[in-house]
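Engineer: After the sequence you'll find the predicted model.
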Amino acid sequence: MPIRLIVFLSIALAAFLVITFLNPDPVSLTLYPDVSLNFPLPVLLMGAFIVGVVSVMLLYFYDALASVFGGFKLSSGRRRLERVKSMREAGAERLLLEDKKEGEKLFRKALAHDPDDIPTLLLLGNLMRDNGVLSEAIKLHSKARGLDGENVSILLELAEDYLTAEQFGNAMNALTETRKLAGRSLPPYVRMRDIYIKAKNWGEALEIQKRIVDLVSKDNASHEHGVLAALIYEGAVEAMADGDIHGARDSLQRALRIDNKFIPAYLKLAEAEDRLGLHGDAVKILENGFKVTRSLIIIKTLEALYFSRGEPEQAQAVLRWAKNVMPGDDMVRLFVAMADFRAGDKISAKEEIDSLNGRLSGMTIYHLVNGMLMKSDNNTEKALEFMDEAYSSEVATLFHFTCSKCDNFSVEYSARCKSCGSWNSLSAVLY
């Protein structure tokens with residue numbers, strides 16, 4: 001306590017003692033008309049002195065007392081936050097162990113301690129969405145949004161809730177608001193794009209992807225340009241389905257300028273040119289696509305195009321050209337043998353089969369072509385007819401396709417892997 005305060009209190013006490021000594025008689029205090037009390041003056045002065053001293057002490061030590069009581073309150077709040085955090089993290093760990101029931105229990109326990117804990121609201125909302133309880137997921141994420149209306153992550157989760165619940169209008173409204181808040185932050189745009197892709201809204205996904213390409217680092221630029229080409233391709237497919245062949249063709253050409261190894265775009269562009277009656281351009285597109293990609297799918301499409309037009313000699317020629325481009329590929333040699341046989345050129349077919357020296361002998365087509373060649377039958381026309389029937393039945397299962405991203409197998413070729421959703425990732429595997 002400062003010396004000045006001690007001096008002041010000493011002087012006050014001395015004054016009190018002097019006044020008490022000089023005024024021994026009691027003092028009458030009127031509390032109400034006709035009601036009065038007599039108090040000795042020392043008692044009144046002592047009371048006043050004590051009140052004054054206590055008041056001064058409280059005023060002097062106010063900050064210290066406030067700090068003490070505030071510390072108790074702060075410590076209690078901190079302990080509560082720590083408990084909530086601990087339960088939330090434990091719940092997240094249970095989810096990693098695929099124990100959803102225990103994870104949900106821990107999240108709800110955390111919210112019982114703090115109903116406004118945004119990270120827990122998000123985690124429990126995501127769990128409810130995964131469990132198909134969409135109404136509760138929307139409720140939880142909406143509450144989180146009310147607590148922090150400018151949190152981009154919350155809006156994205158809410159948009160996905162609405163999308164899963166097929167409330168597309170609400171989903172698009174949430175995404176529109178997200179775009180306003182995202183600024184130049186890349187992760188929200190990637191998430192928005194993925195949600196639009198999930199909704200098959202290719203136009204909006206494309207607009208977001210353009211923004212991503214502007215923001216992405218050089219290390220990831222190649223991948224994001226590939227996604228840009230894929231989204232342009234999907235828009236072109238929709239345009240073709242709607243009868244806008246010219247618009248689809250322009251979009252497909254643009255997609256290939258961005259990613260010249262995008263095999264589905266070559267196939268679809270050739271189809272568009274063929275539907276427009278530009279058969280020569282369709283052939284050139286497939287030939288160029290094969291040069292760039294070395295794709296067996298493209299060369300087989302080109303072969304099928306010639307045979308469908310009744311031009312077996314052209315099919316033979318294009319496959320021989322492919323063999324020159326890929327001289328060490330046994331598959332192409334087998335394709336040449338098949339085309340030669342279908343065209344009636346058994347001698348050339350036999351030479352190609354022999355050049356394989358038994359390689360690919362595990363394939364049905366190999367044995368079929370070889371067997372037909374070894375058979376001596378004067379009825380060549382009938383033999384070719386049977387060969388075409390055998391070929392037609394076999395070709396349906398000739399190709400299997402494997403995804404380079406997730407190794408998923410499929411018996412049908414598609415632009416996107418049906419398992420992981422990657423574009424242009426299917427490669428042909430022959431059986």
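Structural biologist: Happy to help now that I have it.
Engineer: make it CA atoms for all contacts and neighbour counts henceforth
Structural biologist: Noted.
Engineer: after the helix or strand where Thr120 lies, next one along is what?
Structural biologist: Assigned by DSSP states H and E, Thr120 belongs to helix 118-130. Going down the chain from helix 118-130, the next helix or strand is helix 134-147, by DSSP H and E.
Engineer: helices or strands next to that following helix in the packing?
Structural biologist: helix 118-130, helix 152-164 (3 or more CA pairs under 8 Å, 6 or more residues apart in numbering; DSSP states H and E).
Engineer: What angle do helix 118-130 and the last one make with each other?
Structural biologist: So that's helix 152-164. Using axes from the mean of the first three to the mean of the last three CA atoms, to 10 degrees, the direction of helix 152-164 lies 20 degrees away from that of helix 118-130.
Engineer: for this protein, what helix or strand is lowest in average pLDDT?
Structural biologist: Ranked by mean pLDDT, DSSP states H and E, the weakest helix or strand in the chain is helix 380-395, scoring a mean of 61.
Engineer: can you confirm Val429 is in a helix?
Structural biologist: No - Val429 is assigned strand when assessed by DSSP: H, G, I helix; E, B strand; the rest coil, not a helix.
Engineer: My read is that it contacts Ser404, right?
Structural biologist: No - with contact defined as CA atoms under 8 Å, Val429 does not reach Ser404; the gap is 11.7 Å.
Engineer: tell me, what's touching those two both at once?
Structural biologist: By CA atoms under 8 Å, 6 or more residues apart in numbering, Val429 and Ser404 have no common neighbours.
Engineer: tell me the most buried of the helices and strands packed on helix 134-147?
Structural biologist: Using mean count of other CA atoms under 10 Å, the stretch among the helices and strands packed on helix 134-147 with the greatest mean number of neighbours is helix 152-164 (a mean of 24).
Engineer: tilt between that helix and helix 134-147?
Structural biologist: Orientation of helix 152-164 against helix 134-147 (the same axes, to 10 degrees) gives an angle of 150 degrees.
Engineer: List every C-alpha atom in helix 152-164, with coordinates, as CSV.
Structural biologist: C-alpha atoms of helix 152-164 as CSV (Å, rounded to 0.1, in the frame of the first residue of the first chain):
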residue,chain,number,x,y,z
VAL,A,152,-17.0,-20.5,-47.1
SER,A,153,-16.5,-24.0,-45.8
ILE,A,154,-19.9,-24.0,-44.1
LEU,A,155,-21.6,-22.8,-47.3
LEU,A,156,-20.0,-25.5,-49.3
GLU,A,157,-21.1,-28.2,-46.9
LEU,A,158,-24.6,-26.7,-47.0
ALA,A,159,-24.6,-26.7,-50.8
GLU,A,160,-23.6,-30.4,-50.8
ASP,A,161,-26.4,-31.2,-48.4
TYR,A,162,-29.0,-29.5,-50.7
LEU,A,163,-27.5,-31.2,-53.7
THR,A,164,-27.7,-34.6,-52.1
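Engineer: just checking, what packs against it?
Structural biologist: Judged by 3+ CA pairs under 8 Å, 6+ apart, helix 152-164 is in contact with helix 118-130, helix 134-147, helix 168-182, helix 186-198.
Engineer: Among those, single out whichever gets nearest to Lys418.
Structural biologist: The closest of the helices and strands packed on helix 152-164 to Lys418 is helix 186-198. By CA to CA, the value is 12.4 Å.
Engineer: which other residues reach the closest one?
Structural biologist: By CA under 8 Å, 6+ apart, the residues outside helix 186-198 that reach it are 152-153, 156, 160, 163, 175, 178-179, 182, 202, 204-206, 208-209, 211-212, 215-216.
Engineer: Let me know how buried Arg94 is, in neighbour terms.
Structural biologist: Arg94 sits with 17 neighbouring residues when counted by other CA atoms under 10 Å.
Engineer: Could you verify that it is part of a helix?
Structural biologist: Yes - counting by three-state DSSP, Arg94 is located in a helix.
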